[in-house]
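[1] Just to be clear, the model below is a prediction. Sequence and coordinates:
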Amino acid sequence: MATGYLYHEIFGWHDTGSNAGLFGADPAAGLQPYMHLENAETKRRIHELIVVSGLIDRLERVRPRHASEEEILKVHTRDHLERIQAESRWPKGGDAGDGFSPFGKGGYEIAALAAGGVITMVEAVVSGDVTNGYALVRPPGHHAVAGSGMGFCVFGNLAIAARHARDVLGVRRIAVVDWDVHHGNGTQSFFYGDPDVLTISLHQDNCFPPDSGALTERGDGAGFGYALNVPLPPGTGDGGYLYAMDRVVAPALQRFRPDLILVASGFDGSAMDPLARQLLTSEGYRTMTRRLMEVAEDLCGGRIAMSHEGGYNPVYVPFCGLAVIETLAGAEPFADPFLPVVSGMAGQDLQPHQKALVDEVAALVGDIS
Ligand SMILES: O=C(CCC1CCCC1)NO
Ligand SMILES: [Zn+2]
């Protein structure tokens, strides 16, 4: 069993500059300049912990390629593609579309490498070169929609890879599990009417995008029932997430019987993240990964490809990322020094209001056939 790992230093050169557009410098309003929340640090530090911990020696290195224009246009409009390409030639770059998703000069090529990196990882998994794998890419992708980038995302990396798997690699049924703490609205939107792509998003209720990810968002037409949303209350910890895995995610995957499982993996649900209020620990991410591997082993030969999304605490995210990739590789856990602190926080166990929400979503799983 081999585990693929993809990272490229140029992902650290995706230039998001200062926090322009998102509480960026505005002296009159008392806002001081500061680096953009989506900066290279958390990704670079995940990579360096993978190297320093020795886990790198247990992984098969997968080299990214750029997504082609044709592959990007499978999910995005030509207007969006050409606008990103044009602004990428500007001396100071441009913005993906919402005014707070900046990129620097040459940002198009880096975003195309992120999308192509996920394609490459999916190819490695589907071909059997590796059983599972993690694409540590940047910029992230799960908020990007057909005509615009959004929420720090330029292109829908995982959606582009899923479309490639369907159209080129002959994969028929694909399940996407999104455990980034923000709603995977972009990925969901590309497959909303498609019964052969099941999207499941576990996220903090109404955190981002605004008014997105309600449990009533279930897909439309032939795709009705094949979008599942679990809008978890703020403060949900390991207990609530694992209950959602056991009562919603695993049963949904068992009914859907995917040929491939994709994961939009963000660590902004961890207990120390600045952009959300959940309590996940590295152990919670490890157990969620283990649960998915058990289901994947049972249904699709263990085939899982993960694509990196959010996660903004440069100190704790590395230990959450390490826990996931160690588990994929079957490697011995490297001790998380923060675990005693975060796992000891009150509220880590399943709370009644969290159980009630998950049970409400669990009742919808029966519509998957
Ligand atoms: O991590 C992210 C980005 C969320 C931010 C985008 C603007 C405010 C919250 N999405 O998964
Ligand atoms: Zn996020």
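    Received the coordinates, thanks. Predicted, not measured: the structure shown is a model, and the values here were computed from it. Ligands and ions are numbered 1, 2, ... in the order given.
[2] going forward, measure contacts and count neighbours with C-alpha atoms only.
    OK.
[3] what's the spacing between residue 79 and residue 141?
    Distance of residue 79 to residue 141, given as CA to CA, to the nearest Å: 18 Å.
[4] Looking at these two now, which is surrounded by more residues?
    residue 141 (31 against 13; other CA atoms under 10 Å).
[5] pretty sure the more buried one is touching residue 161, no?
    No. Counting by CA atoms under 8 Å, residue 161 is not a contact partner of residue 141; they are 11.0 Å apart.
[6] Which residues are in contact with the closest residue to residue 19 other than its chain neighbours?
    Excluding the flanking residues, the one nearest residue 19 by CA to CA, 6 or more residues apart in numbering is residue 36, at 4.0 Å. Neighbouring residues of residue 36 by CA atoms under 8 Å, 6 or more residues apart in numbering: 16-20.
[7] What of residue 74?
    160, 163.
[8] Check the spacing between it and ligand 1 real quick.
    Distance of residue 74 to ligand 1, given as CA to the nearest ligand atom, to the nearest Å: 22 Å.
[9] Same question for residue 326.
    Taking CA to the nearest ligand atom, one finds residue 326 at 23 Å from ligand 1.
[10] phi, psi of that residue?
    Residue 326 adopts backbone torsions of phi -60, psi -40, taken as degrees, to the nearest 10.
[11] excluding its backbone neighbours, what's nearest it?
    In space, residue 326 is closest to residue 333, 6.5 Å off (CA to CA, 6+ apart).
[12] quick one: residue 92 from residue 149, how far?
    Distance from residue 92 to residue 149, counting by CA to CA: 18 Å.
[13] So between the two, which is more surrounded?
    For residue 92 versus residue 149, neighbours defined as other CA under 10 Å are more numerous around residue 149 (28 against 15).
[14] Just confirm that one contacts residue 155, I think it does.
    Yes. If you go by CA under 8 Å, residue 149 and residue 155 touch, sitting 6.2 Å apart.
[15] can you give me the offset of the longest strand along the chain from its chain's centre?
    Secondary structure of the chain per DSSP state E: the longest strand is strand 197-204. Centroid separation for strand 197-204 versus its chain: 10 Å, with CA atoms, centre = their mean, to the nearest Å.
[16] same deal with stretch 48-58?
    Worked out by CA atoms, centre = their mean, stretch 48-58 lies 21 Å from the chain centre.
[17] list the buried ones in stretch 20-29?
    Residues of stretch 20-29 classed as buried by neighbour count (16 or more other CA atoms under 10 Å): 20, 23-25.
[18] Off-centre distance for stretch 33-49?
    Per CA atoms, centre = their mean, the centroid offset for stretch 33-49 relative to its chain is 16 Å.
[19] List, one by one, the residues from this structure near ligand 1.
    Within reach of ligand 1 by CA under 6 Å from any ligand atom, the chain has these residues: 151-152, 180, 182, 208, 310.
[20] For ligand 1, what is the nearest residue in the stretch 51-200 of the chain?
    residue 151 (3.9 Å; CA to the nearest ligand atom).
[21] count of residues packed around that residue?
    22.
[22] my guess is it contacts residue 100, does it?
    Yes. Between residue 151 and residue 100 there is a contact under CA under 8 Å: 7.2 Å.
[23] where along the stretch 101-250 of the chain do the helices fall?
    For the stretch 101-250 of the chain, helices defined by DSSP state H, counting those that start in this stretch occupy the ranges 107-127, 157-167, 185-190, 238-244, 250-256.
[24] Just the pLDDT for residue 120.
    Looking at residue 120, its pLDDT reads 98.
[25] same question, residue 20
    For residue 20, the pLDDT comes out at 76.
[26] For it, which non-adjacent residue is spatially closest?
    Residue 20's closest residue in space is residue 100 (CA to CA, 6+ apart), at 6.4 Å.
[27] what sits against the one you found?
    Residue 100 neighbours (CA under 8 Å, 6+ apart): 19-22, 150-152.
[28] Check residue 218 too.
    By CA under 8 Å, 6+ apart, the neighbours of residue 218 are 192, 224-229.
[29] Weed out the non-buried ones from the contacts of residue 36.
    Using 16+ other CA under 10 Å, the buried ones in these are 16-20.
[30] Cross these against strands and list the overlap.
    With DSSP E as the criterion, strands contain none of these.
[31] Filter these down to the ones in helices?
    Using DSSP state H, no member of the buried ones among the contacts of residue 36 falls within helices.
[32] Just give the nearest non-adjacent residue to the closest residue to ligand 1 within the stretch 251-369 of the chain, would you?
    Nearest residue of the stretch 251-369 of the chain to ligand 1: residue 310, at 4.0 Å (CA to the nearest ligand atom). Spatially, and ignoring its direct neighbours in sequence, residue 310 is nearest to residue 266 (4.3 Å; CA to CA, 6+ apart).
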